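[1] Need the 3D shape of this:
(one chain, ligands or ions: 1)
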Amino acid sequence: MTVETQARNAKLAAIVPVPEDREFSFSADDYAFLRAMLKQRTGIELGPTKQNMVYARLAKRLRKLGFKSFRQYIEFIGSEEGRDELGTTLNALTTNLTKFFRENHHFEHLGSTALQEIRARATTQGRRLRIWSAGCSSGEEPYSIAITLLRAMPDIKQWDAKILATDIDTEMVRRGAEGVYSAAALDGIPPDIAKKYFELYGADKIRLCDEARGLISFKYLNLIGDWPMKGPFDAIFCRNVVIYFDKDTQRTLFDRYANLLVPGGFLYIGHSENLFGITERFKLLGRNIHRKIA
Ligand SMILES: C[S@@+](CC[C@H](N)C(=O)[O-])C[C@H]1O[C@@H](n2cnc3c(N)ncnc32)[C@H](O)[C@@H]1O
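    As a prediction, this is how the structure comes out:
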């Protein structure tokens, strides 16, 4: 370890008070290692003050596997034997907060303006419709897209319509594909939509209807890795994902999105994200909705 790293870690330890009576020892160096590993593998940058959060998220793994310290756990995930556990570590460190119809104005725009344009294009280019939910978490976003399409397109069966939903967190991809949620997930959804597109599942759960589930393919995909799909997409939703990426990673990502969108295609990003100083290939239409212009 260099002197600079040691000095930085000492500074960090001063910023993040470490409770004395912790079950597992977790040094500033251990945290620095996990931060660097997460950034390198996922693009996600954790701030210097997130050490306690990381402790809380990983402590149950250490307990389950019988480790006494983070040092031991880090050595394990770096070994051949610990390769599967590394996936679990990454899953635990992603932030998956989401909900149905989050930032609803994006779904309103999709159901009206965007679909109108896509339909107009379809008369010349066949009835093909492709939407990508990139960083889909547990599926609420792509299902909100699916419901929007079903509501706005009574003739959807005559279309080749598909939604791709991807995430780096394998547990989220599994949950999305299952499409089962607690009944509380319906809070705030208008009753007519809840009734039409959700069904009771067991005693206290709900599940998306077959039509909505049939529109979506859920897949594991690392946004900073290789992408197998060729597109083109009519719209991409990448919301509340890049807030954790540095500017260079964002630059590369939005360039790749522009390459995969049809001319004039739509890009929806999260409320606290923006493309200023990142790319000039999109025009802002308002409320974090962008159109590809180049
Ligand atoms: C806060 S959630 C946002 C979910 C949804 N888009 C929304 O706005 O409600 C961010 C998601 O991005 C995913 N993510 C983070 N880094 C990623 C990467 N490099 N590749 C793919 N997904 C990633 C996380 O696993 C997480 O599920």
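
[2] Arg175 contacts Cys136, correct?
    No - Arg175 is beyond contact range of Cys136, at 10.2 Å (criterion: Cβ atoms under 8 Å). Using the backbone N, CA and C atoms, a C-beta is placed for each residue, glycine as well.

[3] Please identify which of the two sits among more neighbours.
    Shown here are Arg175 and Cys136; by other Cβ atoms under 10 Å, Cys136 has more neighbours (31 against 19).

[4] State the helix or strand in which the closest residue to that one other than its chain neighbours lies.
    Spatially, and ignoring its direct neighbours in sequence, Cys136 is nearest to Ala165 (3.9 Å; Cβ to Cβ, 6 or more residues apart in numbering). Take DSSP states H and E as the rule and Ala165 turns out to sit in strand 160-167.

[5] so what does that strand touch, helix or strand wise?
    With contacts defined as 3 or more Cβ pairs under 8 Å, 6 or more residues apart in numbering; DSSP states H and E, strand 160-167 has these neighbours: strand 128-134, helix 140-152, helix 170-178, helix 210-215, strand 216-220.

[6] That one versus strand 128-134: what angle between them?
    10 degrees (axes from the mean of the first three to the mean of the last three Cα atoms, to 10 degrees).

[7] Direction included, what does strand 160-167 pair against?
    Strand pairing for strand 160-167, using DSSP bridges, gives strand 128-134 (parallel), strand 216-220 (parallel).

[8] before we move on, the earlier item: export the helices and strands packed on strand 160-167 to CSV and tack on distance to the ligand and mean pLDDT?
    Formatted as CSV, the helices and strands packed on strand 160-167 follow (distance: least, Cβ to the nearest ligand atom, whole Å; pLDDT from 0 to 100):
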stretch, distance to the ligand, mean pLDDT
strand 128-134, 7, 97
helix 140-152, 4, 98
helix 170-178, 5, 98
helix 210-215, 17, 98
strand 216-220, 8, 98
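
[9] Throw these into CSV and include distance to Glu108, thanks.
    Shown next, in CSV, are the helices and strands packed on strand 160-167 (distance: least, Cβ to Cβ, whole Å):
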stretch, distance to Glu108
strand 128-134, 15
helix 140-152, 8
helix 170-178, 23
helix 210-215, 18
strand 216-220, 20
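
[10] nearest to Leu90, of these?
    Closest to Leu90 of the helices and strands packed on strand 160-167 is helix 170-178 (Cβ to Cβ; 8.7 Å).

[11] The closest one: how far from the chain's middle?
    Averaging C-alpha positions (Cα atoms, centre = their mean, to the nearest Å) puts helix 170-178 12 Å from its chain's average.

[12] Check stretch 179-190 too.
    With Cα atoms, centre = their mean, you get 19 Å for stretch 179-190.
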